[in-house]
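>>> Need the 3D shape of this:
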Amino acid sequence: MEYRKIWRGVPTPVRKLIVMVIGFTLIAIGGVLIILPGPFTLPFVIGGLFILAIEFTWARSLLTKAQESAKRVDPRKLRKRKPE
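Numbering: from 1, shown residues only. Sure thing, here's the model as predicted:
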């Protein structure tokens with residue numbers, strides 16, 4: 001994996017700054033899409049957490065909690081019921 005070797009060669013403060021800018025930008029786009037009409041809010045927020053989890057342990061633990069919560073969701077309960 002050559003890209004990992006290159007990524008680890010970048011100084012740590014620069015690496016963290018790059019990850020923070022990209023991660024928080026994705027989360028901000030997801031937050032804006034909550035207000036604006038658009039169906040794709042959650043993928044941007046989750047993607048931002050994935051990016052942030054590369055360098056930050058707090059984001060990794062937050063992502064783990066989100067994954068555990070998602071496993072407990074029953075998709076059958078999410079279906080809309082037709083009014084009778």
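>>> What is whichever strand or helix holds residue 63 packed up against?
Per DSSP states H and E, residue 63 falls inside helix 57-72. Applying 3 or more C-beta pairs under 8 Å, 6 or more residues apart in numbering; DSSP states H and E, one finds that helix 57-72 contacts helix 42-53. The way it works is simple: take the backbone N, C-alpha and C, and place the C-beta from them, glycine included.
>>> What is the helix it packs on packed up against?
For helix 42-53, the packing partners by 3+ C-beta pairs under 8 Å, 6+ apart come out as helix 12-35, helix 57-72.
>>> hey, least reliable of the ones you listed by pLDDT?
The weakest mean pLDDT among the helices and strands packed on helix 42-53 belongs to helix 57-72, with a mean of 87.
>>> check contacts around the residue most central in space within the chain.
In the chain, the centroid-proximal residue (C-alpha atoms, centre = their mean) is residue 46; its distance is 2.3 Å. For residue 46, the contact set (C-beta atoms under 8 Å, 6 or more residues apart in numbering) comprises 63, 66.
>>> circling back to that earlier point, and the angle for the helix holding residue 63 with helix 42-53?
140 degrees (axes from the mean of the first three to the mean of the last three C-alpha atoms, to 10 degrees).
>>> what comes up buried for helix 57-72?
If you call a residue buried by 16 or more other C-beta atoms under 10 Å, then helix 57-72 has these buried ones: 59, 63.
>>> how far does it sit from the chain's center?
10 Å (C-alpha atoms, centre = their mean, to the nearest Å).
>>> Next one: the nearest residue to residue 25 once chain neighbours are set aside from residue 27, what distance?
Closest residue to residue 25 apart from its sequence neighbours, by C-beta to C-beta, 6 or more residues apart in numbering: residue 48 at 7.4 Å. Applying C-beta to C-beta, to the nearest Å, one obtains 4 Å for the distance of residue 48 from residue 27.
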